[in-house]
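Undergrad: Coordinates only, no sequence provided:
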């Protein structure tokens, strides 16, 4: 039963890199790790996902450890608009996903 | 292309009343989901569907029913609303192997 563990909150200075960790020690070998963020009470927004290799897109980078038991989402130059709750999720069962409580990131001016 | 649309956006119900929340997606996605989010908590899965005519229970299905008569629509019903069902409800859809696309949510208060 793959689940995730994230720190409840983090702060980051504006312009600096924000590194958000996630533990998913029970993830199976063929499951992706997905990252979403939720700003205020809006619907969660997809950021990035990965399987084994590191991934990068226009929003963020994703670093996955070689044993796949943990990952880190990197926002390279955090802005005030990046203040949000960030969720690391994995699939549980055939079609369900576990969201957990996420990390509340506050970007400080 | 509207993505995922939820109606209504807000609703206040009295205990014992019934209502239906509608989720519509125009992306031809196979999978659709209903989640609820309570203050300080993450999203918890209520029910989901892997295709037209199918439904399945999630983590917290009690007190809710769902139907997916058309591929683009996923309805969430509350037969007899209770204060414990006060929450924000999110619908999402996805295609096979892809990520969720979420709606903007329905804020439901049961008094």
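TA: Sure, I can see it. Given the structure is predicted, the values throughout are model-derived calculations rather than measurements. Numbers count the residues shown, from 1 in each chain, chains lettered A, B, ... in the order given.

Undergrad: CA only for contacts and neighbour counts going forward, please
TA: Fine.

Undergrad: pLDDT weak spots in the chain?
TA: No chain in the question, so chain A it is. A:1-2 (pLDDT under 70).

Undergrad: please go with chain B instead
TA: Counting by pLDDT under 70, chain B contains low-confidence residues at B:1.

Undergrad: contacting residues around residue 45?
TA: Using chain A here. Contact analysis of residue A:45 by CA atoms under 8 Å, 6 or more residues apart in numbering or on different chains lists A:36, A:37, A:38, B:101, B:102.

Undergrad: could you do chain B instead?
TA: A:96, B:33, B:34, B:35, B:36, B:58, B:59, B:60, B:61.

Undergrad: so what's the fifth one up against?
TA: It stands for residue B:36. B:43, B:44, B:45, B:46, B:87, B:88, B:89, B:90.

Undergrad: So which of the residues you listed are in helices?
TA: Of the contacts of residue B:36, none are assigned to helices by DSSP state H.

Undergrad: what's the closest of the residues you listed to residue B:14?
TA: Relative to residue B:14, the closest of the contacts of residue B:36 is residue B:87; by CA to CA it sits at 14.0 Å.

Undergrad: Helix or strand: which one has residue B:35?
TA: Assigned by DSSP states H and E, residue B:35 falls within strand B:31-37.

Undergrad: ok, which stretches of the chain are strands?
TA: Answering for chain A, as no chain was given. Counting by DSSP state E, residue ranges of the strands within chain A are A:9-13, A:18-23, A:33-38, A:45-50, A:55-56, A:61-64, A:70-75, A:84-92, A:96-98, A:103-108.

Undergrad: You answered for a different chain; I wanted chain B.
TA: B:4-7, B:10-13, B:19-25, B:31-37, B:43-49, B:56-57, B:64-67, B:73-78, B:87-94, B:101-102, B:106-110.
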